[in-house]
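Novice: predicted model, plus sequence, below.
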Amino acid sequence: MTSTADNVVQTRYLDGWSRTNGVHAAVLATRDVDAIARAVSRVADDAADDPRYLRHGVIARGLGRSYNESAQNRAGLTIDMTALDSIHRIDSEELFVDVDAGVSLDTLLRALVPRGLWLPVLPGTRQVTVGGAIAHDVHGKSHHSTGSFGDQVVDLDLLVADGRVLTVAPDGTPDDPDGSLYWATVAGLGLTGIVLRARLRVQPTTTAYFLADGVVTHSVEETIELHRGQWCNPTDQDVDYSAGWFDAVSKGPRLGRGYFTRGRLATVDELPAKLRKDPLKFDAPKYLTVPDVFPSGLGNRYTFGAMSEAYFRTGSDYTGKIHNITGFLHPLDVMGEWNRFYGRRGFLQYQFVIPPENIDAFAPLLRAVRRSGHASFLNVLKMFGQGNRAPLSFPTAGLTATFDFGISRGLDRLVADLDRRVLDAGGRLYTAKDSVTSPATFAAMYPRLDEWIEVRRRIDPTGVFVSDMAKRLGLV
């Protein structure tokens, strides 16, 4: 532990949600924006005085829910932003909120929903910060209808390498006339600067519940056809949200079968009588915290096979069913620290998107996973709408799928094979999930990478903002 005139810098163990690539690193935790600016300035001064300091740098960190090393810096300084957690204003008339970057989406929703307000984009967990959501341009089940998180920002305050705090916005500001810095910051992995504060659009709602339909498919071919068709048609007012689970373990024709839901926020008159008494109740319980006692390797073809069979049997075809927030959007949030199920070796989450004209490539990719012997139970499938202007934003029109693989021998060979298949199909990987991809593969998947690098070099010419992931991908 070292003490400065401003704050205390502690050595802490940091890793991502997948529990891999962990490091012991220097961490500054403070709610003092001036102290954060001084820390960045010291790093910038060191880099300017001695090029050897370029490898050190600084990176911001939220709740650590990215699955990789994007929010840690082995050789430099990591700034813990979670103390910067004030909600400054909720405007129900102009429909926006003004919040610090360290505010979690869970905290924000608990403040908004009782006021009849809603965040249009929510990822698969509420336990992420606003700053982290911007840095990875997170998406949710509503991408085909609302876009991603960067599409919901009115403007934001960005601390850049030279110590200035700039206000940037999608359509430009005096600090960022063409909006290029804004769009480089969205999905920019924290490498253009530190988001300090943001204004976000919200929408009105009369309830905190969802009206949903469900459907079961019995093969990968049925699953593909469901998503090729009208299941998540963005022009349908009843299909604001859509996603589901698919079976990646069962053999034969059952492989790729699934259970999928779609829906929208319900109105008061659509609720049963008992829920109409408090239609804006934030009904989002957490039932348990998973203890850190599970051995690595517990999740295998046999255990996940049994779990897949049991989960598939919970699915059914239905229409007009009411769900609460957690049941419809965030089922894993009922368990704290659920990543511990994979043991101390951790796991690898693999998420990709392939364009709509190539979604048939999903079936052979899934069969390759089954043949590999690496089992995955927590599998998600959905359709994206059109992407936005951010050069490194992951969502783009097409089919996106997610696998969770426990770390085991030979997984690197499977992932390399999947990378080739995704590239051949014209797809890309999600930067919030990737923990092993090579610089060459990343560059091939993101053809606008050079455009992003140009903006980054303009705003941070000495490479002050650095993360372990940025080093792995050759971005610094």
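Specialist: That came in fine, so what should we check first?
Novice: use CA for all of it now, contacts and neighbours both
Specialist: Fine.
Novice: SS state for residue 260?
Specialist: Three-state assignment for residue 260 (DSSP: H, G, I helix; E, B strand; the rest coil): strand.
Novice: make 52 the first number, not 1, from now on.
Specialist: Renumbered: residue one is now 52, and that last one reads residue 311.
Novice: what's opposite it in the beta bridge?
Specialist: Judged by DSSP bridges, the bridge partners of residue 311 are residue 266, residue 295.
Novice: state the pLDDT value of residue 97.
Specialist: As predicted, residue 97 sits at a pLDDT of 67.
Novice: I'd say residue 206 and residue 222 touch.
Specialist: No: contact criterion CA atoms under 8 Å: residue 206 and residue 222 do not qualify, at 9.2 Å.
Novice: settle it for me: which of those two has more neighbours?
Specialist: More crowded of residue 206 and residue 222, by other CA atoms under 10 Å: residue 206, with 21 against 14.
Novice: can you tell me how far that one sits from residue 107?
Specialist: 30 Å (CA to CA, to the nearest Å).
Novice: over to residue 312?
Specialist: Taking CA to CA, one finds residue 312 at 46 Å from residue 107.
Novice: then residue 76?
Specialist: In terms of CA to CA, residue 76 sits 11 Å off from residue 107.
Novice: quick check: domain ranges of this protein?
Specialist: The domain map for the chain lists 138-256, 261-487, with the assignment taken from automatic domain parsing.
Novice: for residue 516, which of these is the nearest?
Specialist: For the domains of the chain, the distance to residue 516 is smallest for domain 138-256, at 5.1 Å, taking CA to CA.
Novice: just the terminal-to-terminal distance for stretch 403-413.
Specialist: Note: stretch 403-413 ends 10 Å apart using CA to CA.
Novice: typo on my end, stretch 121-132
Specialist: Calculated as CA to CA, the first-to-last residue distance of stretch 121-132 is 14 Å.
Novice: residue 236 against residue 245, yeah?
Specialist: No: counting by CA under 8 Å, residue 236 stays clear of residue 245, with 9.0 Å between them.
Novice: and the two? Which one has more around it.
Specialist: Legend: neighbour count by other CA under 10 Å for residue 236 and residue 245, higher for residue 236 (31 against 28).
Novice: contacting residues for that one?
Specialist: 185-186, 242-244, 441 (CA atoms under 8 Å, 6 or more residues apart in numbering).
Novice: and stretch 501-515, which residues are buried?
Specialist: 503-504, 506-507, 510-511, 513-515 (16 or more other CA atoms under 10 Å).
Novice: stretch 138-147 too?
Specialist: By 16+ other CA under 10 Å, the buried positions in stretch 138-147 come out as 138, 141, 147.
Novice: ok, stretch 434-454 next?
Specialist: Result for stretch 434-454 [16+ other CA under 10 Å]: buried residues 434-436, 438-439, 441-454.
Novice: what about that stretch, how long is it end to end?
Specialist: 16 Å.
Novice: tell me the mean pLDDT for it?
Specialist: Mean predicted lDDT for stretch 434-454 stands at 97.
Novice: rewinding a little: could I get the buried residues of stretch 138-147 as a markdown table with pLDDT and secondary structure?
Specialist: Shown next, in a markdown table, are the buried residues of stretch 138-147 (pLDDT from 0 to 100; DSSP: H, G, I helix; E, B strand; the rest coil):
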| residue | pLDDT | secondary structure |
| --- | --- | --- |
| 138 | 98 | strand |
| 141 | 98 | strand |
| 147 | 98 | strand |
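Novice: closest to residue 297 out of those?
Specialist: residue 147 (36.1 Å).
Novice: that closest one contacts residue 141, correct?
Specialist: Yes: Residue 147 lies in contact with residue 141 (CA under 8 Å); the separation is 6.3 Å.
Novice: about what we covered before: now, of the domains of the chain, which is deepest in the fold?
Specialist: Among these, the stretch with the highest mean neighbour count (mean count of other CA atoms under 10 Å) is domain 138-256, at a mean of 22.
Novice: between the two ends of that one, how far is it?
Specialist: So domain 138-256: terminal residues 20 Å apart, CA to CA.
Novice: of the contacts of residue 236, which is the nearest to residue 88?
Specialist: Of the contacts of residue 236, the one sitting nearest to residue 88 (CA to CA) turns out to be residue 244, at 10.6 Å.
Novice: can you check what pLDDT the model gives the closest one?
Specialist: 98.
Novice: again, but for residue 115
Specialist: pLDDT, residue 115: 96.
Novice: for the residue nearest to it when sequence neighbours are not counted, what are its contacts?
Specialist: Residue nearest to residue 115 in three dimensions, not counting chain neighbours: residue 67, with 5.6 Å by CA to CA, 6 or more residues apart in numbering. If you count contacts by CA under 8 Å, 6+ apart, residue 67 has them with 73, 115-122.
Novice: what's the pLDDT at residue 67?
Specialist: 95.
Novice: low-confidence stretches in the stretch 152-301 of the chain?
Specialist: 284-288 (pLDDT under 70).
Novice: ranges for the helices of it?
Specialist: Secondary structure of the stretch 152-301 of the chain (DSSP state H, counting those that start in this stretch): helices at 156-163, 181-186, 194-197, 231-236, 271-279.
Novice: could you save the ones you listed as JSON lines and add columns showing distance to residue 317?
Specialist: Output for the helices of the stretch 152-301 of the chain, formatted as JSON lines (distance: least, CA to CA, whole Å):
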{"stretch": "helix 156-163", "distance to residue 317": "16"}
{"stretch": "helix 181-186", "distance to residue 317": "26"}
{"stretch": "helix 194-197", "distance to residue 317": "16"}
{"stretch": "helix 231-236", "distance to residue 317": "33"}
{"stretch": "helix 271-279", "distance to residue 317": "23"}
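Novice: for residue 394, which of these is the nearest?
Specialist: Across these, residue 394 has its closest neighbour in helix 181-186 (25.2 Å, CA to CA).
Novice: what packs against the closest one?
Specialist: strand 245-252 (3 or more CA pairs under 8 Å, 6 or more residues apart in numbering; DSSP states H and E).
Novice: name the strands paired with the strand it packs on and say parallel or antiparallel.
Specialist: Under the rule (DSSP bridges), strand 245-252 has strand 147-151 (antiparallel), strand 204-210 (antiparallel) as partners.
Novice: out of the buried residues of stretch 501-515, which sit inside helices?
Specialist: Counting by DSSP state H, the buried residues of stretch 501-515 place 503-504, 506-507, 510 in helices.
Novice: longest helix of the protein?
Specialist: helix 84-100.
Novice: next, the angle strand 204-210 makes with that helix.
Specialist: 60 degrees (axes from the mean of the first three to the mean of the last three CA atoms, to 10 degrees).
Novice: quick one: terminal-to-terminal distance for stretch 225-243?
Specialist: End-to-end for stretch 225-243, by CA to CA: 18 Å.
Novice: please identify the buried residues of the helix or strand where residue 521 lies?
Specialist: Assigned by DSSP states H and E, residue 521 belongs to helix 519-523. Within helix 519-523, the residues that count as buried by 16+ other CA under 10 Å are 519-521, 523.
Novice: cool, stretch 124-142 as well?
Specialist: Applying 16+ other CA under 10 Å to stretch 124-142 flags 124-133, 135-138, 141 as buried.
Novice: inside strands: which ones of the residues you listed?
Specialist: Those of these mapping onto strands are 128-131, 138, 141, per DSSP state E.
Novice: Throw these into TSV and include distance to residue 343, thanks.
Specialist: TSV is the format used below for these (distance: CA to CA, whole Å):
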residue	distance to residue 343
128	28
129	25
130	26
131	24
138	33
141	38
